[in-house]
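Colleague: my questions concern the predicted model and sequence given below.
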Amino acid sequence: MTEHDIIIIGGGPAGLAAAVAARKAGITDILILERDEFLGGILNQCIHNGFGLHTFKEELTGPEYAARFIQMVEEEHIPYLLNTMVLDINSNKEVTIINKESGLTIIKARAIILAMGCRERPRGALNIPGYRPAGIYSAGTAQRFVNMEGKTVGKEVAILGSGDIGLIMARRMTLEGAKVKVVAELMPYSGGLKRNIVQCLDDYGIPLKLSHTVIAIEGKDRLTGITLAQVDENRKPISGTEEYISCDTLLLSVGLLPENELSEGAGVDLNPVTSGPFVDDRLETSTKGIFACGNVLHVHDLVDYVSEEASLAGVSAAAFLKEGQKKYADMVEIAAEHGVRYTVPQRLDKEHMEDQITVRFRVADVYQDRYISVYYDGERVSHKKKRVLAPGEMEQVILKKENLKDYPDLKKIVICTEVE
Amino acid sequence: MKEMYYDAAIIGGGVIGCAIARELARYDMKICVAEREEDVCSGTTKANSAIVHAGYDASPGSLKARFNLEGNRMMEELSKELDFPFIRNGSLVLCLDEEDLPNLQALLEKGVNNGVEGLTILSGDEVRAIEPNVTDQVVGALYAPTGGIVCPFGLNIALAENACDNGVEFFLNTEILGIEKTTEGFDLKTPDSIIHAKFVINAAGVYADQFHNMVSEKTLTIIPRKGDYLLLDKQAGAHVNHTIFQLPGKMGKGVLVTKTVHGNLLIGPSATDVESKEDVRTTADELTEITKKAAYVVKDIPFRKVITSFSGLRAHEVGGDFVIGEVLDAPGFFDAAGIESPGLTSAPAIGVYVAELVAKKADAKKRADFNGVRKGIVHPEKLTIEERGNLIKEDPRYGTIICRCEGVSEGEIVDSITRTLGAVSLDGVKRRVRAGMGRCQAGFCGPKTIEILARETNRAPEDICKNRPGSNMLKKEEKGAANDRA
Amino acid sequence: MEIRELTCIRCPLGCQLKVTIEEDEINVTGNSCGRGIEYGKKEVLSPTRMVTSSVRVLGGKHDMVSVKTSQDIPKDKIFDCMEEIRKVTVNAPVSIGDVIIKDCAKTGVSIVATRDVEVVL
């Protein structure tokens, strides 16, 4: 069985940034495993601009952003396998892979970085009633057809869900000559970035109907129409608000799910809120030597944060290999409370932590003029006002090692929102 | 108008039509199957509980009881001969109320009367010991060790392929518009041909009454009875081991909760009589109803793991039993009608029975060259690492995974398209190799499967359909193609 | 006096801007930084957008190459540009930055490739 220092599962933005960081931290024996026929992952189909403002201080398209990292990987001569699917990872860090060159093989890693990304929630997960005709796509699938294959998925379009991919596709389909009739969102707010609502919907006069959902699907062969209805505060359709919209295509942008089926095989504990692994401040999962970053850890809003997080995973995996089996100190729990849905990481090794760490989180609802507070075992240590907080956008707080020194018995850090 | 001559024409390429076709292929006859849809297994057979019933439920003396028992006994050997997934996982009928225990006993007695083997009554504790996730309220259960689960697609398609390999001709996308009695037999009218057949077998599912009534004064009435289902991720498949039914009680008939042969968890069905024989719409009310009923008998079902919902129609004949045999006032016309539950279980036995009736009437002799063995599409998960490596060495397409959720390779997909009666649609591929059947529901593999289907069948991607013609996945009008046309 | 409410999109913060237009004077409030003022004024005076799309490639490893306008174009020229982009086909190889269409729809702005597409051998 061949062995590598670090095996990175996934050659998208997270995997690439992790690989580069690990190499820069002195690890030479790295292998990236990518299931698609090219590196760069989903960025290749995200042909719109808006990437890289944080990382490269300029606005790039998805493929350009990916190309920058691919170039770094090439320059560092980091090996990768394309068209290679990982079938299994176990807690001994043995990775079963399949591809057409070497068949089915098992390779061993001293450390693994999980960077598999996420998938879209399908229609079935929503239980939208009605027929099951052709013409219902998850937004990302339509994006692949339109952007990478130059196909036309439909001419009259309705979109359910106002996640970023749905918003982006509303504009793309419009530019390609389709009529996008409506974007319906179950929640009273959009889950997408503001700039996407402005540039993808407002610019083209596409109505965004908040607190609306699809209650019926018509058409036995190809979709012929949908029925929309307004929903009440319990998200139940309100009778009498039904509206029929004829369309040949329904795109779903109703959420992304980290793809952690492999992680579970390796004994990695998952957080039911994020559907991603529980990790510490070095992004190490509950299985020692297995790290996670990017959308497999939690769904990000901006790829720049994915790259930043993945670099940390790369550096951490390198440190893990250099330190050998370090002794893990007692962990401080990082808890999400009062309007904060989750945090990443969820625990912190106060003794071994970097000088400062970034805790990322999302809020549970749209809030205005709220404070984000940090408590150390009940003592408020930070209290910052934010004008707007929205679930569609990630937030962060920085925890500094020097501040934590004053709390030798610290057990729990709470991050929460507060009205005052 | 094309004219074709057959000894026997079977209407319907569902599991019943194909079971009859495969059995009739043992005889020296010229046989065809006419199927309205683009593929076999496209009606009632494609959407049901996928259960091989033990046989305690049917009324003693009924055709349902007879063929259920016979079919159940045939299933294991047939699954080996035709290479389709079947597991005898046993079933449990749960009783939640002490007052209903006599009914459980009565069910056992009915089963014994029907000839079901191994039936026993378990106490509540015994049930919980073997099935820890059933509700605490269980006071007893009827245990039927002969109950099983099967892949309905696998069974139907295997029967069709084997029939085809033994000379049965299949006409797909071929709707029968009318039937006329002639001196020679029957003329079946299709949109572009006339099929002259000495004998006709009516296995048309929910439409079997229409065809029967074209030739007989003694009419049949089939009511489409819709059932909605929920399918859960494979991660939920181990939630129960047996097929869990509920004894009809205060809460009504209940629904079943079962693992499937592929390891998913299946919940359903509802039961609603519908007007249209095309109405396979799921409804919010029915999906809610089956969710509630399932949660009533099995604890902690991870409903977050639902990956799809679907609905199917039962072909319920008002008489309540299967209608099988030669039609009295239309000699040479054979019904296999009203085949609702336990129809899937009964299919192999109905096939044998009807084929024998037809062959006897035709005075046909058995063929010496009939080959009942069918080799299915390779199941990579059943191979050792070495075997799989060798397979990939021989054909590298088995090393390229297309459907990541179900781990389906390009090699399997190509086989599903190029083999006997190969898939022509996305659903056809899905039913044969499960590409697109998993948790992402073809989000990732859909575009690639369309590409492979187009390539292997020499069609444009825009011509690839989800299932029947008209269900095209893409619209014509390609980018940059303007230049090519100019 | 005209007041327009806009969402600034210069960064993910998405400030709600109020742009007041009074004769020659344009006032922006609600911004968090200088870019907000700039954005508000520009959206009122001469709104521009970057357009991204993809173009069919012949003989390449991929079927399509992603493209963008090399800089922002006037908002009202978006569909004119798209019309030209939809018609064009290029031959592989293509490199990031290659000009695919010069002076697209008379905007003076080029359409450039945003991905490398190698020749298929």
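Modeller: Looks like it came in fine. Residues are numbered from 1 along each chain as shown, chains lettered A, B, ... in the order given.
Colleague: distance check, the residue nearest the centre of chain C against B:Arg434.
Modeller: The geometric centre of chain C, computed from its C-alpha atoms, lies nearest to C:Met50 (C-alpha atoms, centre = their mean), at 0.5 Å. The gap separating C:Met50 from B:Arg434 is 42 Å, by C-beta to C-beta, to the nearest Å. Placement of C-beta: from N, CA and C, glycine included.
Colleague: how about the contacts made by the residue nearest to the centre of chain C?
Modeller: Going by C-beta atoms under 8 Å, 6 or more residues apart in numbering or on different chains, C:Met50 touches A:49, A:59, C:68-69, C:71-73.
Colleague: which among those count as buried?
Modeller: A:49, C:68-69, C:72-73 (16 or more other C-beta atoms under 10 Å in any protein chain shown).
Colleague: which ones among those residues lie within strands?
Modeller: The strands, defined by DSSP state E, take in A:49, C:68-69, C:73 from the buried ones among the contacts of C:Met50.
Colleague: okay, and the beta partners of B:His257?
Modeller: Careful, residue B:257 is Val and not His. Going by DSSP bridges, B:Val257 is paired in beta bridges with B:Ile244, B:Ile267.
Colleague: contacting residues for the residue nearest to A:Glu351 when sequence neighbours are not counted?
Modeller: In this structure, A:Glu351 finds its nearest non-sequential neighbour in A:Ala329, 4.2 Å apart by C-beta to C-beta, 6 or more residues apart in numbering or on different chains. By C-beta under 8 Å, 6+ apart, A:Ala329 lies in contact with A:349-352.
Colleague: list just the nearest of those to B:Gly205.
Modeller: Nearest to B:Gly205 among these is A:Asp349, at 63.3 Å by C-beta to C-beta.
Colleague: the nearest residue to A:Gly289 once chain neighbours are set aside: neighbouring residues, count only.
Modeller: Closest residue to A:Gly289 apart from its sequence neighbours, by C-beta to C-beta, 6+ apart: A:Ala111 at 4.7 Å. For A:Ala111, the neighbour count with other C-beta atoms under 10 Å in any protein chain shown is 26.
Colleague: elements contacting the helix or strand that contains A:Ala111?
Modeller: Following DSSP states H and E, one finds A:Ala111 within strand A:103-114. Judged by 3 or more C-beta pairs under 8 Å, 6 or more residues apart in numbering or on different chains; DSSP states H and E, strand A:103-114 is in contact with strand A:3-9, helix A:13-24, strand A:94-99, strand A:290-292, helix A:303-323, helix B:385-394.
Colleague: between the ones you listed, which gets nearest to chain C?
Modeller: Distance to chain C, taken as C-beta to the nearest C-beta, is lowest for helix A:303-323 among those, at 9.5 Å.
Colleague: buried ones in that closest one?
Modeller: For helix A:303-323, the neighbour count (16+ other C-beta under 10 Å) marks A:303-321 as buried.
Colleague: with stretch B:25-38 instead?
Modeller: B:25-29, B:31-38.
Colleague: ok, of those residues, which one's closest to A:Asp203?
Modeller: Of these, the one sitting nearest to A:Asp203 (C-beta to C-beta) turns out to be B:Glu38, at 41.6 Å.
Colleague: for the closest one, give me its contacts.
Modeller: B:172-173, B:424-425, B:428, B:465, B:467-469.
Colleague: list just the nearest of those residues to chain C.
Modeller: Distances from chain C to those, taken by C-beta to the nearest C-beta, are shortest for B:Cys465, at 21.2 Å.
Colleague: so who does the closest one touch?
Modeller: By C-beta under 8 Å, 6+ apart, the neighbours of B:Cys465 are A:134, A:221, B:38, B:424-426, B:471-473.
Colleague: what does the stretch 201-350 of chain A put close to chain C?
Modeller: Residues of the stretch 201-350 of chain A lying near chain C by C-beta under 8 Å from any C-beta of the partner chain: A:203, A:301-302.
Colleague: hmm, try it at 7 Å
Modeller: With C-beta under 7 Å from any C-beta of the partner chain as the criterion, the stretch 201-350 of chain A meets chain C at residues A:Leu302.
Colleague: could you check which residue of the stretch 201-350 of chain A lies nearest chain B?
Modeller: A:Asp221 (3.7 Å).
Colleague: thought C:Ile3 was touching C:Lys18, still the case?
Modeller: Yes. The pair C:Lys18 / C:Ile3 is scored as a contact, 6.2 Å apart, by C-beta atoms under 7 Å.
Colleague: which residues touch the nearest residue in space to B:Lys64 that is not next to it in sequence?
Modeller: What sits nearest to B:Lys64 in space, not counting adjacent residues and going by C-beta to C-beta, 6+ apart, is B:Ala58, at 3.8 Å. Counting by C-beta atoms under 7 Å, 6 or more residues apart in numbering or on different chains, B:Ala58 makes contact with B:64-65, B:68, B:114, B:342.
Colleague: got it, and A:Ala19?
Modeller: By C-beta under 7 Å, 6+ apart, the neighbours of A:Ala19 are A:8, A:30, A:32, A:73, A:78, A:314.
Colleague: CSV for the residues you listed, including pLDDT and distance to chain B?
Modeller: Shown next, in CSV, are the contacts of A:Ala19 (pLDDT from 0 to 100; distance: C-beta to the nearest C-beta, whole Å):
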residue, pLDDT, distance to chain B
A:Ile8, 98, 17
A:Ile30, 97, 23
A:Ile32, 98, 17
A:Val73, 97, 22
A:Ile78, 97, 23
A:Gly314, 97, 24
